[in-house]
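J.: Here is the input, now give the coordinates:
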Amino acid sequence: MNSFLNDIGIDPGFIIIALGIIVVALLIMVIMLMFKYAKIQRSYEAFMEGRDSKSLEEILIKVVEDNKKVKQQCKNNIDAIIDMKRKIKASYQKIGLLKYDSFRGMAGKLSFSVALLDGENSGFILNCMHTQDGCYNYMKEIIHGEALSVLSEEEKEVLEIAIQCEKMSD
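T.: This next block holds a predicted model:
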């Protein structure tokens, strides 16, 4: 065999040194793997300490049950939010208010118009006119931003204020 290595021009000492380096590298890697294995083994033993397969099964069952409860509560919350959105849309949420003099000669701006509208611009306008003879109140129904009867200038203005109220909050 010596003659074969000598014929190709390779010194057998270099091969032995190379193989020695490879053995040392492999030995270092085996030692590192042993330390990692020992660390994993300690973690596993700490996890399993005091527990048997039955208690782990109970823990998993409890986690699954808790997850089902959380999912149900989430569904209930979504249903409640949808219901609240529906109710809010039907409540009065846009308000317009305008004070004015019913007759230009009267001072004090004792007359006023109030518009209360829901999310679909439906509701009513309450107009309260103060005159020298008394106070007169009128209510006019509004459906989708349109009045069912003729509106005065003040009522048109207060309706526009209420409708614009939504655009200001966006």
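J.: so where do the strands sit in this structure?
T.: With DSSP state E, the ranges of strands along the chain come out as 94-100, 111-117, 123-130, 135-143, 146-147.
J.: now, of these, which is deepest in the fold?
T.: Mean neighbour counts were taken over the strands of the chain using mean count of other CB atoms under 10 Å, and the top value, a mean of 21, falls to strand 111-117. Bear in mind the C-beta positions are built from the backbone N, C-alpha and C, glycine included.
J.: can you state the direction angle for it and strand 94-100?
T.: Relative orientation of strand 111-117 with respect to strand 94-100: 170 degrees, computed using axes from the mean of the first three to the mean of the last three CA atoms, to 10 degrees.
J.: What separation is there between the residue nearest to the spatial centre of the chain and A46?
T.: Among the residues of the chain, the one closest to the centroid is I78, at 11.3 Å (CA atoms, centre = their mean). To A46, I78 is 40 Å away according to CB to CB, to the nearest Å.
J.: which stretches of the chain form helices?
T.: Remark: helices assigned in the chain by DSSP state H are 2-8, 12-48, 53-90, 153-169.
J.: okay, the angle between the third one and helix 12-48?
T.: For the pair helix 53-90 and helix 12-48, the angle between their directions (the same axes, to 10 degrees) equals 70 degrees.
J.: Make 50 the starting number, not 1.
T.: All right, first residue 50 from here; so that's helix 102-139.
J.: then stretch 97-117 to PDB, C-alphas only?
T.: As requested, C-alpha coordinates have been extracted for stretch 97-117 and formatted as PDB (Å, rounded to 0.1, in the frame of the first residue of the first chain):
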ATOM      1  CA  MET A  97     -43.400  16.300  32.700                       C
ATOM      2  CA  GLU A  98     -42.500  16.500  36.400                       C
ATOM      3  CA  GLY A  99     -45.500  15.600  38.600                       C
ATOM      4  CA  ARG A 100     -47.700  15.000  35.600                       C
ATOM      5  CA  ASP A 101     -48.900  11.800  34.100                       C
ATOM      6  CA  SER A 102     -50.600  11.300  30.800                       C
ATOM      7  CA  LYS A 103     -54.100  11.600  32.400                       C
ATOM      8  CA  SER A 104     -53.400  15.000  33.900                       C
ATOM      9  CA  LEU A 105     -52.000  16.300  30.600                       C
ATOM     10  CA  GLU A 106     -55.100  15.000  28.800                       C
ATOM     11  CA  GLU A 107     -57.300  16.900  31.300                       C
ATOM     12  CA  ILE A 108     -55.300  20.100  30.700                       C
ATOM     13  CA  LEU A 109     -55.700  19.800  27.000                       C
ATOM     14  CA  ILE A 110     -59.400  19.100  27.300                       C
ATOM     15  CA  LYS A 111     -59.800  22.200  29.500                       C
ATOM     16  CA  VAL A 112     -57.900  24.300  27.000                       C
ATOM     17  CA  VAL A 113     -60.200  23.100  24.200                       C
ATOM     18  CA  GLU A 114     -63.300  23.900  26.300                       C
ATOM     19  CA  ASP A 115     -62.000  27.300  27.100                       C
ATOM     20  CA  ASN A 116     -61.300  27.900  23.400                       C
ATOM     21  CA  LYS A 117     -64.900  27.000  22.600                       C
END
